[in-house]
Every structure is written in C-alpha cells, then in structure tokens.
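Enquirer: sequence and predicted structure are below.
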Amino acid sequence: MVQWNMILGIFLVIFCLRIILRFTLTQLNIRQVCKKGHIVPAVFRGIIDDETLGHMSDYTVDSSRFTSVTTIFGDVLFLIILLSGILPWYTRHIADIHWHFIPSGLLFMAGPAVIGFILDIPFDIYGTFVIEKRYGFSTITAKLWITDLLKNLILSIVLTGLLLSAFLALVYYAERTWWFWGWLLFALFQLVMLWIYPILIAPLFNTYEPVKNEELREKIVDLMAEAGLRAKGVFQVDSGKRSRHTNAYFTGFGKTKRVVLFDTLIASHSIDEILSVFAHEIGHWKKKHIIKQLIAIETVSFFLFYIAYRLIDWAPLYHTFGFDRITPYVGIFLISAYLKPVSFFFRPLLSSLSRKYEREADDYSLSLIGTTAHLADALKRLAKDNLANLYPHPLYAWFYYSHPPLTERVSYLERRNGKGNVDL
Ligand SMILES: [Zn+2]
C-alpha cells in the first residue's frame, strides 16, 4: 500500500504544481491569441492577410487545447500507475519468475512503457488525421502511419533494450561506481546516436538525396566554401509524404554531419531565402551549438546520476510507493519519476540557452550573406506556411520557446538590415 507521508506529499505538490503551471501557461497563450490574433503584426503586413491570420490563430488554439488534453491525460494515467498499487503487485509477480536481475529489470521497465505506447495511439491518430488534416498539413496515408508506428516500435525495443540492459548490468555488477559508468554510458549513447542517426536511422523513414536543383546546389557549395566548410552533406528529404510543414535542420556529428532541407521548403522558397536559412544552419555548425548543448545537458545529468546513486538504497522511498523491499530497478524508476517533474521547472534555462544560439545563428547568417532581408523573408514565409503563432504570451514563450518569437525575430533582422547600416 502507498504510504501517505512527507515524501509522497512533496512529490504530489511538485507534480500538481507542474500540472497547474502547464495548464496556466497554455491558457494564457490561448487567451493572448484570442485577444490579439486578428491584427496582422506590422512586420507581416503584405505577406499575411486577415484570412490566413485567422487560420494561424485557430490552429494555435486547436493544437494547444489538444496538447493540453493529451498532457493531462498522461499525467493522470501516470499517477494511477504509480499510486494504485499495480506496480508493487507487478514487481511481486516478476520476482516469482526468478529471472536474473537484468531481464527482470527489463520486464519491469517494459510494463509502464507498453501501457503508455498503447494509450498514446488514439491521441496520435487524432492529432495526425484530424487536427493536422483540418489545417491542410497532414499528407500521410494510413499505411505509412502504420509502417512508421511499427518501425518506431521495433527501433525503440532494440535501442532501449540494449541501452537498459547495459545500464542494469552496471547497476548489478558495479555496486559503488555504477552511477559514474551509467552516466558515461548514456552520454556515449547520445553521441553515438547523434553520429549514426543521419546515416542509419533517419533513412529508415525517409529518402535523403543531395539537393537536386543544380543552381541551388552550386550556390550552397559556394556558401559552404566561403564559410570554410567542406562541401558535402547537403541533403533534401521527402518530408512532403507525411506533412506540408516546412523546415531545415542541421544534424549529425563528425563525418556524418549534414544539413537537411525539407522538399516542401525547397518547393515554396526562393533560392536566396533558402541560402539565408542555410547560412543560419551553418551558423549553428560553426559555433558548435549541438556540442555545447550536449555538454550542458551532460553536466546536469552527471549530478542526477549521483543523486540516483545516493537514493537507490533508501528504503523509505520504496515503502512510500508501496514496495516492500529494495529492488534497484524499481528504485531507478521511482527516482526518475520523482526527478522528472522537478526538471520541468528548469526548462526556461534550456529554452533561453537555445534562443541565444538561434540569435547567434541569425547573426552568423547576416555576416555570411551580408543582408538579413532574405532570412526575414524566409521566416515570414515559414510562419505563413506553418501557421505559426504570431502572438505567443511572453511568459509562455520565455518558458518553452527554443526560438525567439517570430515577430520579435523578424523585427530584429529588419532592424539590423535597416537603411544599409549593417554591422558586419
Ligand atoms: Zn536555428
């Protein structure tokens, strides 16, 4: 039975504060859109008309409400799993099988994951086939959706299975130092994933090929040479088979690093606009943003692993959640359940770091191309094509946004470009 004590009390307060904060931020954001979402911001006049703006506001409201419902459902489900006594019951049955520690641990971790996976399916279907379709984004067929689901399932079973097995082995065999080796294992796994993702995993879902448009390709190669990068790794991806959303991103590590442009982006933007987006991506590349972000995350995770080590033998933690004995794999689950809601409150730190990097990449694009006009035009078109929210609530944007809000970003670019006073 779950014990109603201080440990549970603190957990529930943090968990509920997270629910309240998430819900309040979303409501503030929706209210902001409803209040201002009918006035086209000055920098978007001439690009976005009243009708499109109406679509943008409706899309923001619909998708925010849907995300809110999904998140609250997930939270309630998690509390039920954690507090109903089902996990101690499940653990006793696993113990009865008398398997080794590693397969027992895998079976334990698989239980909640399978429930989550199955219950997530209806939400994913609604999001993809109702909301995304309503706004003309979704192009995915039912067949492709099912294939994606199965591929994702197999991949997560294989990768998570391998990673967790290795981690559980460390916990079992390196009683005093597992937290350090475990941290190193997860950090290396992330690095290896970063390295193999573009060449082994992403191609399972999409076709990646060198950019087809010859003029664009030549100009990209020139731009890369100008930036001092070797001219390889510029791909276009057939993202249009799933969605009409447009984007470009930088991925990979070491020899696999590459820039990927969505085919939908290539189809709807001018060459100058694409080059300015590309220059922004080169900015991330040159300024080593991925590695810097990874170092920040790994530093935090180093301390989290140590905290887990200090808590794993702490019997009151187990008793609070209804477990009658100390079982390290249960401990890992409980500690991560406890720390996850806490980490939510640190989100603004990561978001603001990411926004800083985005501004640096925008500045780099300006220094490489000599004008921000094309990047500003590209962002306006991206905003329009993706029905972006032009009026996020400042608090919502501060908390969640990995990029500066679009209106602020475009205004900044246009200011920097103003009347030839470009500061290169
Ligand atoms: Zn960026």
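Expert: Right, received. Where do you want to start?
Enquirer: per-residue confidence averaged over whatever helix or strand Pro103 lives in?
Expert: Assigned by DSSP states H and E, Pro103 belongs to helix 101-126. Mean per-residue pLDDT for helix 101-126: 96.
Enquirer: got it, and stretch 387-404?
Expert: pLDDT averaged over stretch 387-404 gives 96.
Enquirer: can you list the buried residues in that stretch?
Expert: Neighbour counts over stretch 387-404 (16 or more other CB atoms under 10 Å) mark 387-393, 396-401, 403-404 as buried. Using the backbone N, CA and C atoms, a C-beta is placed for each residue, glycine as well.
Enquirer: please list the outside residues in contact with it.
Expert: Contacts to stretch 387-404, defined as CB atoms under 8 Å, 6 or more residues apart in numbering, come from residues 25-26, 28-29, 31-33, 35-37, 41, 44, 48, 52-53, 55-57, 59-60, 135, 137, 347-348, 351-352, 354-355, 358-359, 382-383, 405-407, 409, 412.
Enquirer: out of the residues you listed, which touch the ion?
Expert: Restricting those to those near the ion by CB under 5 Å from the ion leaves Glu358.
Enquirer: list only buried entries from the contacts of stretch 387-404.
Expert: For those, buried by 16+ other CB under 10 Å: 25-26, 29, 32-33, 37, 41, 44, 48, 52-53, 56-57, 59-60, 135, 137, 351, 355, 358, 382-383, 405-407, 409, 412.
Enquirer: what about these, which are in helices?
Expert: Among the buried ones among the contacts of stretch 387-404, the members falling in helices (DSSP state H) are 25-26, 29, 32-33, 52-53, 56-57, 59-60, 351, 355, 358, 382-383, 406-407, 409, 412.
Enquirer: how many residues are close by the residue nearest to Pro198 when sequence neighbours are not counted?
Expert: Spatially, and ignoring its direct neighbours in sequence, Pro198 is nearest to Gly252 (4.4 Å; CB to CB, 6 or more residues apart in numbering). Gly252: 20 surrounding residues under other CB atoms under 10 Å.
Enquirer: then the one 5 residues further on?
Expert: Neighbourhood size, Lys257 [other CB under 10 Å]: 17.
Enquirer: pLDDT score for Asp423?
Expert: At Asp423, the pLDDT value in this model is 37.
Enquirer: what of Gly420?
Expert: Confidence at Gly420, expressed as pLDDT, is 39.
Enquirer: I'd guessed the residue nearest to Pro198 sits against Leu200; true?
Expert: No: applying CB atoms under 8 Å, one finds Gly252 not in contact with Leu200, separated by 11.1 Å.
Enquirer: quick one: buried residues of the strand or helix carrying Phe305?
Expert: Assigned by DSSP H and E, Phe305 belongs to helix 289-311. Across helix 289-311, burial judged by 16+ other CB under 10 Å covers His289, Ile290, Leu294, Leu304, Phe305, Ala308, Tyr309, Leu311.
Enquirer: burial measure for the residue nearest to the last one when sequence neighbours are not counted, as a count.
Expert: It stands for Leu311. Spatial nearest neighbour of Leu311, excluding adjacent residues (CB to CB, 6+ apart): Ile335 at 5.4 Å. When counting by other CB under 10 Å, one arrives at 20 neighbours for Ile335.
Enquirer: distance check, Ile335 against Thr91.
Expert: 15 Å (CB to CB, to the nearest Å).
Enquirer: same question for Val300.
Expert: Distance of Val300 to Thr91, computed by CB to CB: 29 Å.
Enquirer: test my guess that Val260 contacts Val211.
Expert: No: using CB under 8 Å, Val260 makes no contact with Val211, being 9.8 Å away.
Enquirer: which neighbours do those two have in common?
Expert: Phe235, Gln236.
Enquirer: gap between stretch 280-291 and the chain center?
Expert: 18 Å (CA atoms, centre = their mean, to the nearest Å).
Enquirer: any idea how far apart the tips of it sit?
Expert: 17 Å (CA to CA, to the nearest Å).
Enquirer: near the ion at all, it?
Expert: No: applying CB under 5 Å from the ion, one finds stretch 280-291 separated from the ion by no less than 5.6 Å.
Enquirer: mean confidence score for that stretch?
Expert: Averaged across stretch 280-291, the pLDDT comes to 89.
Enquirer: so which bits of that stretch are buried?
Expert: In stretch 280-291, counting by 16+ other CB under 10 Å, buried: His280, Glu281, Ile282, Gly283, His284, Trp285, His289, Ile290.
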